[in-house]
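>>> can't give you the sequence, but here's the structure:
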């Protein structure tokens, strides 16, 4: 187990010829002069040279589209043109799913008739995105678990704390830059990411989809703020996994020494109780420790958590106060693979833990699950932005697979590891809480990722309700630092909304544009396509209500799944012309 602490211990078309007279022959063309021949030859040589130059640029190891954005195909240009003409979280301690309806039957009294006409343009067989192969150069994987040497400064780099812009911090380097190349990532490239817990007969740990399901590694990221239950979350994740040896946990632990227990501290001494997960799997837990008074919210903490990723096959994140079910790892991987979509992200708000896990077998007692479809605008000091509301929880309408949904949730997410590489948390969003999920979700959409609600819940949340209210309400929150970092959240929100084209009324000069090639958009889809499809008016700050009737009923899944690419690399939205409109105007949300 390595604890990474910053060096200073601060976390912180013209000229046409006249017509010929009728009946007259045109004079013979004069012979080309040597000078003209030379000019033509020079032009040919120049074009061949330029062609070779461009081909060599594509062969460079840096695959980010920031090098030559004008080479990324017409979709990139279309996104820019559209931007010029057209102009973003979970409330931590309230039950996400007070969920609109939590029952074993569908008691929605409104009958929604499925559309007679397909919602997707199935006659369009081509895609408008640039799907060229990206030459991905990735770090070599030599073993499992990866060695995290906190003393190896070559794996660290200095940044300035985003809250004040002047306090230096040493943080882990990103394992890789984004590999989507500004276009649709190919399956070949995607399979270059993902370690196997055991090597093949040639010693290779990167085995693509040839790695057995039970051997595929999982990186579990936790951002914890002074949370006494963080280590309990780690314990349940390891001890209830089918194969705990393939799990690696990365914790960003924001604590006050002497007051808060560290997330990597066993609850009992290992000499007394060696069977604790934090004793058995200590070398599979990496902690970046950070002074609590330098915390600027979950976005920055999770940003550092993304820096701790080291090429695992899958990536998951949850809050620091979550309990897992028995064999959760095998269950969620089976669900992930059932989508047949390598760009699937299984994500949802979690159900409360009370009454959800059988106390002896640790199996789930729930046959319902939440689905992300209920979102609306809200205002506040940081301006108007989209915020997820309580989500409906029912028995899934789709069986045998997770179900497509439009939105991403920070409280629980499970995906392939390349999601971390391609959609890293933004360094420049301090003091952001509401809005985080829109940033990641819409940026992920533009890279080509698709959101799904799990068919079965594999973990449950300890909300500050019922018998857990007294203990959870005592846990501090990062906004106790709000006075110290006053004003940063408003500026950060402008950047967050600006990157995803959600504040066309704001001049671009009003927000920071640093590292947008890293924390910006992909080139597969545009944010505008998302807004048009799901009924979001970013100019007038309105949404089309009752979207859940389209999502929760399975209509979105059944229709959009028709245009899932045959190689499993995402839904082809260029073949979808559907635009959601409120089917029940005037009715309660």
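That came through fine. Worth saying up front: this structure is predicted, and the values here are computed from it rather than measured.

>>> where exactly do the strands run in the stretch 101-250 of the chain?
Taking DSSP state E, counting those that start in this stretch as the criterion, the stretch 101-250 of the chain carries its strands at 156-160, 168-172, 218-225, 247-255.

>>> mean confidence for whichever helix or strand comes after the longest one?
What it means is strand 247-255. Using DSSP states H and E, the helix or strand that follows strand 247-255 in sequence is helix 277-280. Helix 277-280 shows a mean pLDDT of 97 in the predicted model.

>>> could you give the number of residues near residue 228?
17 (other Cβ atoms under 10 Å). Placement of C-beta: from N, CA and C, glycine included.

>>> helices of the stretch 101-250 of the chain, start to end?
Applying DSSP state H, counting those that start in this stretch to the stretch 101-250 of the chain gives helices spanning 187-190, 230-239.

>>> and those helices: which comes nearest residue 328?
Of all the helices of the stretch 101-250 of the chain, helix 230-239 sits nearest to residue 328, with 7.6 Å by Cβ to Cβ.

>>> what packs against that closest one?
Using 3 or more Cβ pairs under 8 Å, 6 or more residues apart in numbering; DSSP states H and E, the elements in contact with helix 230-239 are strand 218-225, strand 247-255, helix 277-280, strand 322-324.

>>> residue 342: which of the strands of the stretch 101-250 of the chain is closest?
For residue 342, the closest of the strands of the stretch 101-250 of the chain is strand 218-225, at 15.8 Å, according to Cβ to Cβ.

>>> now do the helix or strand residue 490 falls within: distance to the chain's middle.
Per DSSP H and E, residue 490 falls inside helix 488-499. How far helix 488-499 lies from its chain's middle: 18 Å, per Cα atoms, centre = their mean, to the nearest Å.

>>> flag every buried residue along it.
Neighbour counts over helix 488-499 (16 or more other Cβ atoms under 10 Å) mark 488, 489, 491, 492, 493, 494, 495, 496, 497, 498, 499 as buried.

>>> now for residue 568, how many residues are close by?
Using other Cβ under 10 Å, residue 568 has 16 other residues around it.

>>> that one and residue 337 touch, don't they?
No. Using Cβ atoms under 8 Å, residue 568 makes no contact with residue 337, being 9.9 Å away.

>>> check which residues of stretch 266-282 are buried.
Neighbour-count burial for stretch 266-282 flags 266, 276, 277, 278, 279, 280, 281 (criterion: 16+ other Cβ under 10 Å).

>>> now stretch 543-555
Quick answer for stretch 543-555 (16+ other Cβ under 10 Å): 543-555.

>>> ok, stretch 152-170 next?
Within stretch 152-170, the residues scored as buried using 16+ other Cβ under 10 Å are 155, 156, 159, 161, 162, 163, 167, 169, 170.

>>> between those, which is nearest residue 429?
Distances from residue 429 to the buried residues of stretch 152-170, taken by Cβ to Cβ, are shortest for residue 162, at 7.4 Å.

>>> returning to what we had before: please identify the deepest-packed of the helices of the stretch 101-250 of the chain.
Compared across the helices of the stretch 101-250 of the chain, helix 230-239 shows the largest average neighbour count, a mean of 23 (mean count of other Cβ atoms under 10 Å).

>>> ok, and what's touching that helix?
For helix 230-239, the external contacting residues (Cβ atoms under 8 Å, 6 or more residues apart in numbering) are 220, 222, 224, 244, 247, 249, 251, 253, 261-267, 276-278, 280-281, 284-285, 318-324, 328, 362.

>>> and stretch 189-198, end to end?
21 Å (Cα to Cα, to the nearest Å).

>>> how about it: buried residues?
Result for stretch 189-198 [16+ other Cβ under 10 Å]: buried residues 189, 190, 191, 192, 193, 194, 195, 196, 197.

>>> swap in stretch 499-517?
Residues of stretch 499-517 classed as buried: 499, 500, 501, 502, 503, 506, 511, 512 (neighbour count, 16+ other Cβ under 10 Å).

>>> what's the distance between the third one and residue 579?
Same thing as residue 501. 17 Å (Cβ to Cβ, to the nearest Å).

>>> still on that earlier bit, now the two most distant members of the buried residues of stretch 152-170.
155 and 163 (24.0 Å).

>>> now for the buried residues of stretch 266-282, which pair is the farthest apart?
Farthest pair in those (Cβ to Cβ) is 266 and 281. Separation: 10.9 Å.

>>> nearest residue to residue 516 other than its sequence neighbours?
Leaving aside its sequence neighbours, residue 516 sits nearest to residue 499 (Cβ to Cβ, 6 or more residues apart in numbering; 6.7 Å).

>>> kindly report the same for residue 307.
For residue 307, ignoring the flanking residues on the chain, the nearest one in space by Cβ to Cβ, 6+ apart is residue 172 at 4.3 Å.

>>> residues in contact with the one you found?
For residue 172, the contacting residues are 4, 155, 156, 157, 288, 304, 307, 308, by Cβ under 8 Å, 6+ apart.

>>> could I get the residues you listed as CSV with distance to residue 238 and pLDDT?
Listed next are the contacts of residue 172 as CSV, based on distance: Cβ to Cβ, whole Å; pLDDT from 0 to 100:
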residue, distance to residue 238, pLDDT
4, 20, 53
155, 25, 88
156, 27, 93
157, 30, 95
288, 19, 96
304, 22, 97
307, 22, 97
308, 17, 97
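
>>> would TSV of the residues you listed with distance to residue 396 be doable?
Below are these laid out as TSV (distance: Cβ to Cβ, whole Å):
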residue	distance to residue 396
4	40
155	42
156	44
157	44
288	37
304	35
307	35
308	33
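
>>> which one of those residues is nearest residue 139?
Within those, proximity to residue 139 (Cβ to Cβ) peaks at residue 155, which comes in at 10.2 Å.

>>> by contact count, what packs against the strand or helix carrying residue 346?
Secondary structure assignment for residue 346, by DSSP H and E: strand 344-347. Contact analysis of strand 344-347 by 3+ Cβ pairs under 8 Å, 6+ apart lists helix 328-338, strand 412-416, strand 450-453 as its packing neighbours.

>>> what lies in contact with the first one?
Spelled out, that is helix 328-338. Residues from elsewhere that reach helix 328-338 (Cβ under 8 Å, 6+ apart): 213-214, 216, 218, 237, 240-243, 246-247, 314, 316, 325, 344, 346, 400-402, 414-416, 454-456, 458-459.
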